[in-house]
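Chemist: no FASTA, just this:
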């Protein structure tokens, strides 16, 4: 068995090699440690692919609903239902969405469906083959790729498109279906552990293997079948029959190229159902063509083409940093920003759990470590979970919700000592009379001492009965069943079904004001804490602050001697091996378990204690009272301590940042490696020998005098027989804290006190008093920075004295007995030097290195401070620096820039080819027209979103000034403001285009004014009111099984402002509406002088200049402007060959020979 444990890494073997021999020693069993499992996959690219597929489904569903409504209204005879997907998808949705949906289906077919199964207690992954119906559905969805390919090839296949497309689509669907059914993809795995270390022993990073849940080759095979099949079919069609382009008629000019092949175009102009599939909607005054209401863009200035090209490239360059993560937080990285923010937030949360959080707050400054390395670490207190559990912020509403989520089988392991069974205090439960008196005196308002409260909120009575039903019946049920009131109470537990609000009101009616558990160390409280980052888009992302895995270790605990848990009570009364078997746990019962049985006797029976007690343990019992009836009350640091610590830390950080000389002086202060101090009376009487410092363990070490220092105190994790001194490893801030506290309460005397302090430290160093004098002098020289804390220091001193906090040591010798308990005050007016070390311990209590627990028994109370514990650390998870959504935006911006450069280049080259025969004023609207024609509204909106995020996201950089690290919050640079505001005008262009169906020819007048106005307003608003990040610390926790683990969100940082982004969009809308209203008022009856043509979209029609391109009633368009408008043209002899990229059609038009200089221009009026 041990070899098995060694193989499975639950034990390890170490060779101890000496000069004489070598011993190979096997360790004890290590408890497994769970790792946090992400509860969300929001950072995955898959979620955005799903969004794209969902948009396609929603769009097709909306079109289908309208089509069905039109069919019900008009009941046309001939409708092309079987080409709905092909035509509606091509017309109403962009090709990019259709391709994305097809790729999504291909990815699904290339992935392996897995499910976790359990057989005979063994959990394993098992492949779950897709049904033939699911495979057929997914194969059908991949044909969207064939549809898109066939539409692209339509100019080549022309009239043969219908035949070739139908054949290739059917074959593609069948082949993909057969491939998935007959040769499905299988999951594979490989193990090949590769590790590397950081700083040799600090961190080990490993890649242990790979799990293949799909294969990229299958994805490309599916893509190849659809795309390749469409290409082969198109080539075959053109080889056997020469396709001919259809003639351009008045009716067919409205259709896309694909619609002319699959729809009856002549019937379609009169059939509203077919017409709507093809993008035409009948209205009273004519036909509304939704494919013509595309894009509008106008940018500025003379030399507009060069300027806008430069702006496009410049914006792509500056947006790269902001789009490095989904937060749009430029410069954010895991090793620096995340590590720094999390570490400082963890420290702030020690002193307050609800407060405004500003990134330039002096409390966030850090002078203790650097964050400029490639491997950052997050630091937090090891006691943070218990401090969070016992904070007063846990309301009754939260307690009720936590109880109702609790696993009923773990309810008795929730650590509390019950006083009463019911809220009416009818049945008492304390095991001793003295403890029952304590319950009456100071525990009546604590809901955790009433067993009824967790029982009435049990969420699964079947589970409770299975785990504890028999034990509960022995301990309570039998006794309660003997009386009517007891039977009624038992029935009320399951009959009562109150809402959470009603439950809280019931608690308050019984004067319950809090639900506070007790300290224990038989389980490690899990802790998962995060800070939320809010972006300009209103999205929230968690950043991990700390993580402690939950665990229960009943074999490795020391607190059972004080009380062994309610679960042990239930076990003992139902077990035949204990002296209280079959007894009741109700004090009023004649069969009460503890009436004639001692509590400590039970602890002896289960070997928690030995009998007879050693003298040292007996001295503990005489001080506290009977074991197994002692309350362990966790004491939170008093507000005065937290305020004093926060004040010292904040004042020092501000001082070091603003004063380089102070920073240099502080960093040069000498610091001892460690402090091992003893109080004066132990050094004066060396006959007193110390044998242990762990309250739970008695004398468990060798006897030594106080001259060697104190033995280590108890902690939540320290076992008995752990040989170590009580030692502190001070920091400069800790020593400054101690000297300030000492000076403000006892008025330090440099002549005697410094020597006294040094004399108590058992680790002697040279010039100790001189080194401490430099600390004291530093505090005097900067006294004005700390003088406001004097009153708080006095309050803190009084609070510590009132709580009677002490250190515990077990000792013999001198005038003591054979084994005595020493209680050493933390602060002692009679031992001024010792009080200095007490202030050092108070610092460690404030930062979570120590805890204070009050042990309250029938004979007395001991309030003692724990030993020091090291802080926890973890490397930031780079996966939390999400970059999936930002990567899509970045690629979208790059694509827009590349297309704009390409089209501008074509326009320029064509202008050279045509020897300058173009309308130069059209170049001033090249961004607007090209963007809407060649890119489409979705991509322009995407680009404008990036600009909106840039303008509405704060700049926050982690910088280092000397040894101080802090956040710098500069304003957005002016050039980013100008470029960002200009990029928001893409949104204005889209609005102009969408509204052109209502504004008509007024678009020519107001569009460019609205975009310019929006640009100027946004520059002014952003410059005058720069955005700063806001935040708040506000810890809210959900308990898992009450005290097993806590899952917390401790606040948020709003690096971007969603409200301000909405305001920016509102400015764009406002400028559009204002500009249109002014032009409508200024020119109420504007005559239209625009060509009547079906070859141009709305923005090209309204924004291109026609003043010099009219001959009589006919209008013409130069070929360079035609490229901008999506018309790629070639004039050969008497014919214009025009490829319309908007409808993906090839047209042939006659040359206008009788129009003079316009014979080299594209005729528009008749088409």
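Modeler: Cool, the structure landed. Just so we're clear, the structure is a prediction, and the values are computed from it rather than from any experiment. Numbers count the residues shown, from 1 in each chain.

Chemist: Strands of the stretch 701-850 of the chain, residue ranges please.
Modeler: In the stretch 701-850 of the chain, the strands defined using DSSP state E, counting those that start in this stretch lie at 704-705, 805-812, 820-825.

Chemist: any idea which of those strands scores lowest on pLDDT?
Modeler: Lowest mean pLDDT of the strands of the stretch 701-850 of the chain: strand 704-705, a mean of 88.

Chemist: Just tell me which of the strands of the stretch 701-850 of the chain ends up closest to residue 103.
Modeler: strand 805-812 (65.9 Å; C-beta to C-beta). C-beta coordinates here come from the backbone N, C-alpha and C atoms, glycine included.

Chemist: Can you list the strands that that closest one pairs with?
Modeler: Counting by DSSP bridges, the strands paired with strand 805-812 are strand 689-692 (antiparallel), strand 820-825 (antiparallel), strand 861-865 (parallel).

Chemist: out of those strands, which comes closest to residue 433?
Modeler: Between those, strand 861-865 lies closest to residue 433; by C-beta to C-beta that is 17.2 Å.

Chemist: can you redo the strands of the stretch 701-850 of the chain as CSV with mean neighbour count and distance to residue 835?
Modeler: Listed next are the strands of the stretch 701-850 of the chain as CSV, based on neighbours: other C-beta atoms under 10 Å; distance: least, C-beta to C-beta, whole Å:
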stretch, mean neighbour count, distance to residue 835
strand 704-705, 16, 22
strand 805-812, 23, 12
strand 820-825, 19, 9
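
Chemist: In TSV, list those along with distance to residue 694.
Modeler: Putting these into TSV (distance: least, C-beta to C-beta, whole Å) gives the following:
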stretch	distance to residue 694
strand 704-705	15
strand 805-812	8
strand 820-825	12
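
Chemist: quick one: which of these is nearest residue 659?
Modeler: Of the strands of the stretch 701-850 of the chain, nearest to residue 659 by C-beta to C-beta is strand 805-812, at 35.8 Å.

Chemist: tell me the contacts of residue 603?
Modeler: If a contact means C-beta atoms under 8 Å, 6 or more residues apart in numbering, then residue 603 has 560-561, 564, 609, 627-628 as its contacts.

Chemist: Out of the strands of the stretch 701-850 of the chain, which is closest to residue 1002?
Modeler: Of all those, strand 805-812 comes closest under C-beta to C-beta, at 79.8 Å.

Chemist: Secondary structure element holding residue 180?
Modeler: Assessed by DSSP states H and E, residue 180 sits inside helix 161-182.

Chemist: Hmm, residue 440 and residue 449 touching each other?
Modeler: No. Under the criterion of C-beta atoms under 8 Å, residue 449 is not in contact with residue 440, lying 10.6 Å apart.

Chemist: the more surrounded of these two?
Modeler: residue 449 (23 against 13; other C-beta atoms under 10 Å).

Chemist: What's the per-residue pLDDT of that one here?
Modeler: For residue 449, pLDDT reads 96.

Chemist: can you redo the strands paired with strand 805-812 as JSON lines with distance to residue 1120?
Modeler: JSON lines is the format used below for these (distance: least, C-beta to C-beta, whole Å):
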{"stretch": "strand 689-692", "distance to residue 1120": "93"}
{"stretch": "strand 820-825", "distance to residue 1120": "92"}
{"stretch": "strand 861-865", "distance to residue 1120": "83"}
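
Chemist: The ones you listed: which one's closest to residue 1007?
Modeler: strand 861-865 (73.4 Å).

Chemist: quick one: average confidence on the closest one?
Modeler: Mean pLDDT, strand 861-865: 96.

Chemist: How far does the helix or strand following it sit from its chain's centre?
Modeler: Next helix or strand after strand 861-865 toward the C-terminus (DSSP H and E): strand 872-874. Distance, stretch centre to chain centre, for strand 872-874: 19 Å (C-alpha atoms, centre = their mean, to the nearest Å).
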